[in-house]
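Participant: Sequence first, predicted model second:
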Amino acid sequence: MRISVVLNFTGAILRDTKFCHAKAGLQRRWTIFLVMLSWLLGGISGFFSSFAGAMVSFLILNGDHFLYKIAGWASLIVLFVYLRVIISFGIQASVATVAGGFAVAIGGILAFAIASFVGGEFAIAIAGVFAIAATLTIAATFAVAVAVAFAIARGLAVIGVFLFGLAFPIFGPFTIVSSVSKGYAVAFAVGFTVVFFLVGIYIAFAALKGEDKYGSIRELAIAIAAFKGTSFENADLTDANFTQGTLKSTNFCKAKLTRTYFRRVKMLDRVSWGTSYLKNAKLRQVLITGYGQEFNFDNCDLREVNLKGANLADASFISTDLREANLQDADLSRAKLVETQLGGTDFTGSILTGAYIEDWGITNNSIFTGVKCEYVYMRLPTKNNPDPLRKPDNLQEIFADGEFGDFIKPIFDTLDLYHNQGVDPRAIAISLKQLVENNPEAGLRIVGMEVKGENNFLLRAKIATGTDKSELSANYFENYNQLKGLPAAEMKLLLAEQDSRISNVENMVQTALQSSDYYAVKTILILAANPKATTSLRLDEEVREIDARLQRAKKREQFDIKQRWAVRIRDVSQALLDFKPRIIHFSGHGSGDDGLMLEDEIGNIQFVDGEALAELFKLFADHVECVLLNACYSEFQAAAIVKHIPYVIGMNRSIGDKASIEFAVGFYSALGAGESIEFAYQFGCSAIRLSGSGEHLTPVLKKK
């Protein structure tokens, strides 16, 4: 369809309608009217700003009245502080604030005029400050006037606003303060007007560029510019196509923009978009150009957006809502789709090679027809692990045509129930039983449990194809949260009424939570320090080798490495709070009784003795099971720490770089194979001996 006249589509059903090359906007008479309105707003703003200038000049330069000078300088300071604030932090504007500003300013002018004839220093000073304060509110008016003029007719209209504004400064001072002021009033008036206008122009263009701090200016200006323009308010534009259209002064407020196509559209930033996804400036750029490589859309609401054929390689959509979106033929290579909501999203023909899909929220109505994908990653990358949990596992293999669909099919038929902030096994067991009984058609069956960190628990259940997972999840957590909040006595009474299946599920959850090996992910916290004036160590090689061995290990999914470098005392404490590790690995220098060598604020040596470390680790003894001090003479610290931690490994003398690396690699290789800490210690010592360094007796294992 080609819009040759301005049409009103308010409330219309326009599904699949083609508006390609359409030219929407204002009729000529309304364009002229709104341009003249913007000029009038500019002129009125000029009048009040000129009055402020004349008033300040009168108050400051009137040598006979001390109170005038105080009021004048106070007003001047307030004005410039205000200008500084709105440039830095923004300004809010609405029809109400602008109208209120005019009313207050007019009241101030009248008060000044009356006070001038009646007399009275105090009355004149207060009236002047009153009017000047009101002028601050009206500063937004000029920004709105410029924004309206530019949105409608650009350059010439903006010049008109400026000229009308300048025409009033001469009129304002002479008519209002001519009886009590001199010629310098005009100079001050013009000066103030120019300053206010320059600030107003800056605000107007910043608002039209989409800066959030001037969002209200833009909304008001575009609402005025779209008055009597083409209206799609409340219209259903599902799957409508506006390719290469011109949409200046168009109203999309409350329109249904499900998969609406805006490729190569002009002036999409000049429409009134209400609360729709069009308010996102980066998204508008992608909708228009089709280019969004490396863009970040984390935590955005992009439901029902149409990104068909867009280049979204390396883009990030972490925790983004993309339900019902059109991603047909989009390039999502290496895109981060972690915890992204993708129910009903159409991936037909898209490229997903190298995408990161950890906990992505696809459903059985997500469409993957013809998807091109050679491999994906089940975790986000880290600096030391750029290929986390790659699928297929063999780095030499890729998905053949159609295999990716087979790989993700089981995900469609499972219900993932994530628990955090304190897991209650009893509430889980009862809630699950109630869910099964209330939804027999879902065919719920537990297929897995996983401890994700210290306070997060995943329960995974098999469900029948076509089951509404969203409804099941909502019902489950409604019951779970209610049960979790019950007093202990009521929970005990409720459990007594349940059958043996509840106890079985509760025991399964308890086992998963309490066992460090059952589906649990162990966090290994590596703390490294090599202060100034100490021998340079190959710490980076040690950490790299540890990470590489764990990645090749049979049980690599059970380990998560966190690193902190050039650690100071407070870095150690904060890392323990942040990660709650199972294993703590210190790599650096030791000095016997003096302690381990950490760094101070400028990288110099700061010793930390064993007792201090022991007291710190004592606070985390409920989840730390092993501390490895890969530093010379660290047996002293190990002896103190083992009072609180089950296993601590230290060195009974100096140890070389090669031996320390060999021990660490051997130790973590054994852990990655599922062996115990004692076996891993022995395996590490054996690795040193096999390397021929002769330091295999240096590591010492201490047990609580």
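Facilitator: Received the coordinates, thanks. Residues are numbered from 1 along each chain as shown.
Participant: Give me the residue ranges of the stretch 401-550 of the chain where confidence is low.
Facilitator: Applying pLDDT under 70 to the stretch 401-550 of the chain flags the ranges 409-413, 420-422, 447, 451-456, 488, 491-521.
Participant: Please enumerate the helices of the stretch 401-550 of the chain.
Facilitator: Remark: helices assigned in the stretch 401-550 of the chain by DSSP state H, counting those that start in this stretch are 403-412, 425-438, 469-484, 488-496, 500-514, 539-551.
Participant: I'd like to know which elements the last one is packed against.
Facilitator: Helices and strands touching helix 539-551, as assessed by 3 or more Cβ pairs under 8 Å, 6 or more residues apart in numbering; DSSP states H and E, comprise strand 522-528, strand 559-564, strand 583-587, helix 657-672. Bear in mind the C-beta positions are built from the backbone N, C-alpha and C, glycine included.
Participant: before we move on, what about the third one?
Facilitator: Here helix 469-484 is seen to pack against strand 414-419, helix 425-438 when contacts are counted using 3+ Cβ pairs under 8 Å, 6+ apart.
Participant: Quick one: closest of the ones you listed to Ala464.
Facilitator: strand 414-419 (10.3 Å; Cβ to Cβ).
Participant: contacting residues around Tyr375?
Facilitator: Contacts for Tyr375 (Cβ atoms under 8 Å, 6 or more residues apart in numbering) come out as Thr353, Gly354, Arg390, Lys391, Pro392, Glu397, Ile398, Phe399.
Participant: try it again with 6 Å
Facilitator: With contacts defined as Cβ atoms under 6 Å, 6 or more residues apart in numbering, Tyr375 is in contact with Arg390, Ile398.
Participant: what do you get for Ile318?
Facilitator: Asp298, Lys336, Val338.
Participant: and it, what pLDDT?
Facilitator: On the pLDDT scale, Ile318 is placed at 91.
Participant: coming back round to it: deepest-packed of the helices and strands packed on helix 469-484, please.
Facilitator: helix 425-438 (a mean of 19; mean count of other Cβ atoms under 10 Å).
Participant: ok so, going back, could you dump the helices and strands packed on helix 539-551 into TSV and include distance to Leu247?
Facilitator: Formatted as TSV, the helices and strands packed on helix 539-551 follow (distance: least, Cβ to Cβ, whole Å):
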stretch	distance to Leu247
strand 522-528	51
strand 559-564	48
strand 583-587	58
helix 657-672	57
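Participant: Give me the neighbour count for Ser249.
Facilitator: 27 (other Cβ atoms under 10 Å).
Participant: likewise Gly485?
Facilitator: Neighbour tally, Gly485, other Cβ under 10 Å: 11.
Participant: domain ranges for the chain?
Facilitator: As given by automatic domain parsing, the domain ranges for the chain are 32-223, 413-514, 522-703.
Participant: By mean pLDDT, show me the worst of those domains.
Facilitator: domain 32-223 - the lowest mean pLDDT of the domains of the chain, at a mean of 59.
Participant: if we can go back for a sec, ok, which of the helices and strands packed on helix 539-551 comes nearest Cys253?
Facilitator: Using Cβ to Cβ, the helices and strands packed on helix 539-551 put strand 559-564 closest to Cys253, at 46.6 Å.
Participant: Who are the packing partners of the helix or strand that the closest one is followed by?
Facilitator: Using DSSP states H and E, the helix or strand that follows strand 559-564 towards the C-terminus is helix 569-579. In this structure, helix 569-579 packs against strand 522-528, strand 559-564, with contacts taken as 3 or more Cβ pairs under 6 Å, 6 or more residues apart in numbering; DSSP states H and E.
Participant: Recalculate using a threshold of 10 Å.
Facilitator: If contacts are counted by 3 or more Cβ pairs under 10 Å, 6 or more residues apart in numbering; DSSP states H and E, helix 569-579 sits against strand 522-528, strand 559-564, strand 583-587, strand 596-599, strand 605-608, helix 610-618.
Participant: Any idea which of those gets closest to Ala687?
Facilitator: The nearest among those, by Cβ to Cβ, is strand 583-587 at 15.7 Å.
Participant: circling back: show me how to select, in ChimeraX, the buried members of the contacts of Ile318.
Facilitator: The following ChimeraX line selects those of the contacts of Ile318 that are buried, judged by 16 or more other Cβ atoms under 10 Å:
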select :336,338
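Participant: ok, of the contacts of Ile318, which one's closest to Ala310?
Facilitator: Lys336 (15.5 Å).
Participant: contacting residues around the nearest residue to that closest one once chain neighbours are set aside?
Facilitator: Excluding its sequence neighbours, the residue lying closest to Lys336 (Cβ to Cβ, 6 or more residues apart in numbering) is Ser316, at 4.3 Å. Ser316 is in contact with 294-299, 334-338, 340, 356, 380, counting by Cβ atoms under 10 Å, 6 or more residues apart in numbering.
Participant: Type out the PyMOL command that picks the buried ones from those residues.
Facilitator: Here is the PyMOL command that selects the buried residues among the contacts of Ser316 (16+ other Cβ under 10 Å):
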select buried, resi 295+297+334+335+336+337+338+340+356
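Participant: and the contacts of Ser316, which two are the farthest apart?
Facilitator: Asn299 and Arg334 (19.4 Å).
Participant: Spit out the contact partners of Ile288.
Facilitator: Phe262, Arg263, Arg264, Val265, Lys266, Met267, Leu268, Asp269 are the contacts of Ile288 under Cβ under 10 Å, 6+ apart.
Participant: Contacts only, for the fourth one.
Facilitator: Put plainly, it is Val265. Phe19, Ala22, Phe242, Thr243, Gln244, Gly245, Thr246, Leu247, Val271, Arg284, Leu287, Ile288.
Participant: Then the first one?
Facilitator: Applying Cβ under 10 Å, 6+ apart, we find Phe262 in contact with 240-245, 247, 268, 271, 278, 283-284, 286-288, 305-306.
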